[in-house]
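Novice: sharing a model that was predicted from the sequence below.
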Amino acid sequence: MSIFYKVRFCLLTGLLSFPFLIHAQKIKNPLGSTNDLFGFLEKIIEAMLQLGAVLAVIVVIYAGFLFVTAQGDEGKIKTAKNALLYTVIGLAILLGARIIASVIENTIRSVGGSI
């Protein structure tokens, strides 16, 4: 590839990216006022908790449906119990993640560190 093509490529790339550089100052933070790692992780955990809560409600309703339709069949009752048990375990993991993240954040902030 000759130097002419390299120079032309660089100029073309620069000219095409110039409008984006002008408008880069207008880009807003999609996470709102979050400017540090703790805030970012908190937003992610909160979103996961909200999604997990909705899914847990749906699965609990489904497990109830399985209990009703089991009609005494031990295999179906065991499936319904497992669905309910795993839903509770999943919710406990989600809430535990939130608690562990808060403990770690408070520990680091009390030591005086910042991330």
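Specialist: Arrived safely.
Novice: and residue 44, how close does it get to residue 109?
Specialist: Distance of residue 44 to residue 109, given as CB to CB, to the nearest Å: 18 Å. Glycine gets a C-beta too; all of them are placed from N, C-alpha and C.
Novice: just residue 39 next, same as before
Specialist: In terms of CB to CB, residue 39 sits 12 Å off from residue 109.
Novice: ok, longest helix in this protein?
Specialist: helix 74-111 (DSSP state H).
Novice: buried set for it?
Specialist: Neighbour counts over helix 74-111 (16 or more other CB atoms under 10 Å) mark 80, 83-84, 87, 91, 94, 105 as buried.
Novice: for it, packing partners?
Specialist: Contact here means 3 or more CB pairs under 8 Å, 6 or more residues apart in numbering; DSSP states H and E; on that basis helix 74-111 packs against helix 37-70.
Novice: separation between the spatially most central residue of the chain and residue 36?
Specialist: Closest to where the C-alpha atoms of the chain average out (CA atoms, centre = their mean) is residue 44, at 4.1 Å. According to CB to CB, residue 44 and residue 36 sit 13 Å apart.
Novice: and what of residue 63?
Specialist: Distance, residue 63 to residue 36, by CB to CB: 40 Å.
Novice: those two: which is more packed in?
Specialist: Taking neighbours as other CB atoms under 10 Å, residue 63 and residue 36 compare with residue 63 leading, 20 against 10.
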